[in-house]
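> okay, here's the prediction I keep looking at, along with the sequence it came from:
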Amino acid sequence: MKYGYLIPKAVFTFTEWLGRVTIFGLKKAKNVVYERKIQYSNTDNKLYLNICRPKEVQEDNKLPVFVYIHGGGWISGMPESRESLVSHLAAAGFFTINIRYGLAPKYGHPLAIRNIYDALAWLVENKDKYHLDLDRLYIGGESAGAHLSATIGAISANEEYKSRFGLNEISKDLTFKGLLLICGIYDMEEAIASGFPFFKTFLEAYYGKPAKYLKDEPEAIDLSPLHFINKDYPASFIVSAAHDQLKGGSNTLAVKLKELGVKQIHYRETGLLAVHAFLVAQILPQSKRTMPKVLDFLQNGTK
């Protein structure tokens, strides 16, 4: 288990690099400004965030904020590969931060969550500098990033769950107006059963223990935000894809939110290229169909 993640990590890191130099960077929105490699941690200079914001902003206009959490099975991925996606959010009027939260196994559970809250603390401390409206704060991501976003959504609505993570005092009580959850993982046992390639290996790198311990150790349930959702959970836009083995988890989440009376939209993308985390590649026809619906949710809610 200690080194079993190395082969899938190499595969996914190569895929990440290939995507970055090909389709991930295409179709970036215009009229946006980037600021990169801003260190948010006082103790770890490898952790940083990137900003993408509208190029022109009225001086007295406070911007809504979107926090993006990249995927990659917790063991790969980088903010720079998601710039095309977040640029469209910025072009629509959002101040975005795109976080490098650290990769497993070094930055596993719960350290990745703590790192994200350190980045959120940076956001709180810099809200006046950038004229930000934290009453209109959103968070989201794809795949493992959707898992981390869903976890943070549960933390924000469930005080008992929040108490388990040892979070930054500056940011721990932030609330979110909405979540964007793209092809995510919400219950670990359901995800293992899905047959998604290498998933058990990814999980063990993030968890730091063999997957069999999920049933043996009471604290393992903390990995699955589905079990901590309540009626106060943020409104959610859930994206699933026809050719994604993890799509069942999105349906389970949507059903639970509906039962609890939480506002949600479950958008199911179809077609040959409706694959896992497709929205990262904005050049795909599926992404071109989905992105306007995402922006409508962020700007107008679930109506």
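Right, received. Where do you want to start?

> could you give me the buried positions within stretch 25-34?
For stretch 25-34, the neighbour count (16 or more other Cβ atoms under 10 Å) marks G25, K27, K28, A29, V32, Y34 as buried. Bear in mind the C-beta positions are built from the backbone N, C-alpha and C, glycine included.

> the first one reaches E83, doesn't it?
Yes - the pair G25 and E83 qualifies as a contact (Cβ atoms under 8 Å) at a distance of 6.8 Å.

> the nearest residue to Y5 once chain neighbours are set aside: how many residues sit nearby?
Spatial nearest neighbour of Y5, chain neighbours left out: A205 (4.0 Å); criterion: Cβ to Cβ, 6 or more residues apart in numbering. Neighbourhood size, A205 [other Cβ atoms under 10 Å]: 25.

> and A205, that one's in a strand?
No - A205: not assigned to a strand; according to DSSP: H, G, I helix; E, B strand; the rest coil it is helix.

> spit out the contact partners of it.
By Cβ atoms under 8 Å, 6 or more residues apart in numbering, A205 lies in contact with Y5, K9, G73, W74, I75, A104, P105, G108.

> kindly recompute the last result at 7 Å.
Residues near A205 by Cβ atoms under 7 Å, 6 or more residues apart in numbering: Y5, W74, I75, A104, P105, G108.

> all strands for the protein, in order.
Taking DSSP state E to define them, one finds strands in the chain at 32-39, 48-54, 63-69, 95-100, 132-142, 178-182, 236-241, 264-269.

> can I get those in JSON lines with distance to I192?
What follows is these, written out as JSON lines (distance: least, Cβ to Cβ, whole Å):
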{"stretch": "strand 32-39", "distance to I192": "35"}
{"stretch": "strand 48-54", "distance to I192": "31"}
{"stretch": "strand 63-69", "distance to I192": "22"}
{"stretch": "strand 95-100", "distance to I192": "26"}
{"stretch": "strand 132-142", "distance to I192": "19"}
{"stretch": "strand 178-182", "distance to I192": "19"}
{"stretch": "strand 236-241", "distance to I192": "18"}
{"stretch": "strand 264-269", "distance to I192": "22"}
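
> make TSV out of these and add mean pLDDT and distance to K256.
Listed next are those as TSV, based on pLDDT from 0 to 100; distance: least, Cβ to Cβ, whole Å:
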stretch	mean pLDDT	distance to K256
strand 32-39	98	35
strand 48-54	98	31
strand 63-69	98	21
strand 95-100	98	26
strand 132-142	98	18
strand 178-182	98	12
strand 236-241	98	11
strand 264-269	98	9
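
> nearest to I170, out of the ones you listed?
strand 132-142 (11.7 Å; Cβ to Cβ).

> bridging residues for L49?
Beta bridges link L49 to I38, I99, judged by DSSP bridges.

> what about it, neighbour count?
26.

> hang on, isn't it packed against Q39?
No - L49 lies out of contact with Q39 (Cβ atoms under 7 Å); the separation is 8.3 Å.

> give me the pLDDT value at the residue nearest to Y5.
pLDDT recorded at A205 is 95.

> what does K303 give?
65.

> likewise L167?
98.

> who's in contact with it?
R114, Y117.

> where's it relative to Y117, distance?
5 Å (Cβ to Cβ, to the nearest Å).

> ok, now S236?
20 Å.

> tell me how far stretch 267-283 is from the chain's mean position?
16 Å (Cα atoms, centre = their mean, to the nearest Å).

> what's next to it, contact-wise?
23-24, 26-27, 71, 81-82, 84-85, 88, 142-143, 182-183, 237-244, 246, 284-287, 289-291, 293.

> try it again at 6 Å.
23-24, 26-27, 71, 84-85, 142-143, 182-183, 239-244, 284, 286-287, 290, 293 (Cβ atoms under 6 Å, 6 or more residues apart in numbering).

> in helices, which of those residues fall?
The helices, defined by DSSP state H, take in S84, L85, Q286, S287, T290, K293 from the contacts of stretch 267-283.

> now distance to V67 and neighbour count too, for the residues you listed, in TSV please.
Formatted as TSV, those follow (distance: Cβ to Cβ, whole Å; neighbours: other Cβ atoms under 10 Å):
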residue	distance to V67	neighbour count
S84	17	21
L85	13	29
Q286	24	20
S287	20	22
T290	19	22
K293	20	14
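
> just put those residues in a markdown table and tack on distance to D128 and pLDDT.
Output for the ones in helices among the contacts of stretch 267-283, formatted as a markdown table (distance: Cβ to Cβ, whole Å; pLDDT from 0 to 100):
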| residue | distance to D128 | pLDDT |
| --- | --- | --- |
| S84 | 29 | 97 |
| L85 | 27 | 98 |
| Q286 | 39 | 98 |
| S287 | 34 | 98 |
| T290 | 34 | 98 |
| K293 | 33 | 98 |
